[in-house]
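K.L.:
Provided below are the primary sequence and the corresponding predicted coordinates.
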Amino acid sequence: MSMQFNGLAWLFLGVPTTSSLLYKDEFEKMKEKAPQNFRVDYAVSREQTNEKGEKMYIQTRMAQYAELYLYVYVWAEGNGEGN
C-alpha cells in the first residue's frame with residue numbers, strides 16, 4: 001500500500017550559529033521536492049536579530065507566523081478536521 005502525505009510539515013529549528021545547523025542540506029532538498037508539504041524556518045541566535053534588534057530565538061521566529069498557523073488551526077477545526 002502506498003500513501004502520500006498531503007499536509008504541511010513545518011519545522012522550526014533554533015541554533016546559536018549557522019555552523020550548528022544539522023541536516024540543512026537534507027531539509028533544503030525536502031523543501032525543493034515538496035514545497036507545498038514541507039517548510040523549515042531557522043532562528044540563529046548569534047547571527048540573526050528580531051525586529052527589536054535582539055537575538056533571534058525560536059519562540060520569536062515562531063511568533064512571526066502566529067497569525068498564519070492560528071488561521072490554519074481555526075480553518076481545520078471549522079472544517080471538521082480537528083480532534
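P.N.:
That came in fine, so what should we check first?
K.L.:
Could you use CA atoms for every contact and neighbour count after this?
P.N.:
OK.
K.L.:
does residue 47 sit in a helix, a strand or a coil?
P.N.:
Following DSSP: H, G, I helix; E, B strand; the rest coil, we place residue 47 in the coil state.
K.L.:
got a list of what residue 48 touches?
P.N.:
Shown in contact with residue 48 (Cα atoms under 8 Å, 6 or more residues apart in numbering): 55-56.
K.L.:
So it versus residue 29, what's the distance?
P.N.:
For residue 48, the distance to residue 29 equals 23 Å [Cα to Cα, to the nearest Å].
K.L.:
Downstream of the helix or strand hosting residue 11, the next helix or strand is which one?
P.N.:
According to DSSP states H and E, residue 11 maps onto strand 9-15. Next in sequence after strand 9-15, counting helices and strands by DSSP H and E, comes helix 24-33.
K.L.:
and the next element down the chain from that following helix?
P.N.:
With elements assigned by DSSP H and E, the helix or strand that comes after helix 24-33 is strand 38-44.
K.L.:
Other residues contacting the helix or strand that that following strand is followed by?
P.N.:
Using DSSP H and E, the next helix or strand after strand 38-44 towards the C-terminus is helix 58-63. For helix 58-63, the surrounding residues in contact (Cα under 8 Å, 6+ apart) are 12-14, 41-43, 50.
K.L.:
tell me the mean pLDDT for helix 58-63?
P.N.:
Averaged across helix 58-63, pLDDT comes to 91.
K.L.:
ok, how many other residues are close to the closest residue to residue 5 other than its chain neighbours?
P.N.:
In this structure, residue 5 finds its nearest non-sequential neighbour in residue 37, 7.7 Å apart by Cα to Cα, 6 or more residues apart in numbering. By other Cα atoms under 10 Å, the residues close to residue 37 number 14.
K.L.:
Understood, closing this out.
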